[in-house]
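Peer 1: sequence isn't available, so here's the structure alone:
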């Protein structure tokens, strides 16, 4: 199984931003056009682009669908997008905009059958679980679900999902390194492909994740946002690091 870099574009009010540890009051705005950013990621060798609609993640209503559609139209590589996908209609709208795979987060926790409903239509789905330690948060990370990731994982095993995206909230945007031990435990608990998110702040962190193994299995990829937008990590270097297995 190959290990892929997913450079991230987080959208709020149509622009590129990053939230520190998922806090909407700790926002960093980037003076960059999201479409131009996506094209630059593609030019530097990325095989995916990960787009998050932060407005929809919080409210459940997409505020950035036109921007997501513009990104998907501009690039030749697949776009994975999530944030506020809490109904079949919301998923359909994303796929109609050109997205290749949607990430279902809050709804996958509160209504796990939605994952099967969406995949049953032939759409590609990744389940997004955002955790503080082992506890899963919802509603744009602002609510505690009261459930651990290990209580939820069995619900997605046979739902048709292609992958699982696990974000360690306490590390997100901090650049202090990924939760290697936690990811190893998740890898042991699921048969789904696992994409890591949160904490990457150096090329060596990507290499660590690419080399993580549990028997013959490894991670499917890593999502990197702030470190790329801040210029700490270059996408072309990150792609090379991801491929050095």
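Peer 2: Structure received. Nothing here was measured: the structure is a model prediction, and the numbers come from that model. Numbering: from 1, shown residues only.
Peer 1: which SS class is residue 62?
Peer 2: The assignment at residue 62 comes out as coil when based on DSSP: H, G, I helix; E, B strand; the rest coil.
Peer 1: measure it to residue 216 for me?
Peer 2: Look at residue 62 and residue 216: by C-beta to C-beta, to the nearest Å, they are 39 Å apart. Using the backbone N, CA and C atoms, a C-beta is placed for each residue, glycine as well.
Peer 1: which helices and strands does the strand or helix carrying residue 80 pack with?
Peer 2: Secondary-structure assignment from DSSP states H and E places residue 80 in strand 79-82. For strand 79-82, the packing partners by 3 or more C-beta pairs under 8 Å, 6 or more residues apart in numbering; DSSP states H and E come out as strand 49-53, helix 65-74, strand 101-104, strand 124-132.
Peer 1: out of these, deepest packed?
Peer 2: Of the helices and strands packed on strand 79-82, the one with the most neighbours on average (mean count of other C-beta atoms under 10 Å) is strand 49-53, at a mean of 27.
Peer 1: for that one, what is the average pLDDT?
Peer 2: Mean per-residue pLDDT for strand 49-53: 94.
Peer 1: what residues sit buried inside the helix or strand following it?
Peer 2: For strand 49-53, the following helix or strand on the C-terminal side (DSSP H and E) is helix 54-59. For helix 54-59, a neighbour-count test (16 or more other C-beta atoms under 10 Å) marks 54, 55, 56, 57, 58 as buried.
Peer 1: separation between the third one and residue 181?
Peer 2: It stands for residue 56. On the measure of C-beta to C-beta, residue 56 and residue 181 end up 32 Å apart.
Peer 1: and residue 231, by the same measure?
Peer 2: In terms of C-beta to C-beta, residue 231 sits 29 Å off from residue 181.
Peer 1: now residue 153
Peer 2: Distance of residue 153 to residue 181, computed by C-beta to C-beta: 17 Å.
Peer 1: ok, now residue 200?
Peer 2: Distance of residue 200 to residue 181, given as C-beta to C-beta: 16 Å.
Peer 1: cool, residue 50 as well?
Peer 2: From residue 50 to residue 181 the distance is 24 Å (C-beta to C-beta).
Peer 1: ok, what's across the strand from the closest residue to residue 170 other than its chain neighbours?
Peer 2: Using C-beta to C-beta, 6 or more residues apart in numbering and skipping residues adjacent in sequence, the residue nearest residue 170 is residue 132, 5.7 Å away. According to DSSP bridges, the residues that bridge with residue 132 are residue 135.
Peer 1: residue 132 contacts residue 169, correct?
Peer 2: Yes: counting by C-beta atoms under 8 Å, residue 132 touches residue 169, with 5.0 Å between them.
Peer 1: for the buried residues of helix 54-59, please prepare a markdown table with the additional fields distance to residue 89.
Peer 2: A markdown table is the format used below for those (distance: C-beta to C-beta, whole Å):
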| residue | distance to residue 89 |
| --- | --- |
| 54 | 20 |
| 55 | 17 |
| 56 | 13 |
| 57 | 17 |
| 58 | 18 |
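Peer 1: now stretch 203-222: buried residues?
Peer 2: Of all the residues in stretch 203-222, those buried under the rule 16+ other C-beta under 10 Å are 203, 205-210, 212, 218-222.
Peer 1: what does stretch 103-116 give?
Peer 2: Buried residues in stretch 103-116 (16+ other C-beta under 10 Å): 103, 104, 105, 106, 107, 108, 109, 112, 114, 115.
Peer 1: TSV for those residues, including pLDDT?
Peer 2: Listed next are the buried residues of stretch 103-116 as TSV, based on pLDDT from 0 to 100:
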residue	pLDDT
103	97
104	96
105	92
106	89
107	93
108	95
109	95
112	94
114	97
115	97
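Peer 1: appreciated, that's everything.
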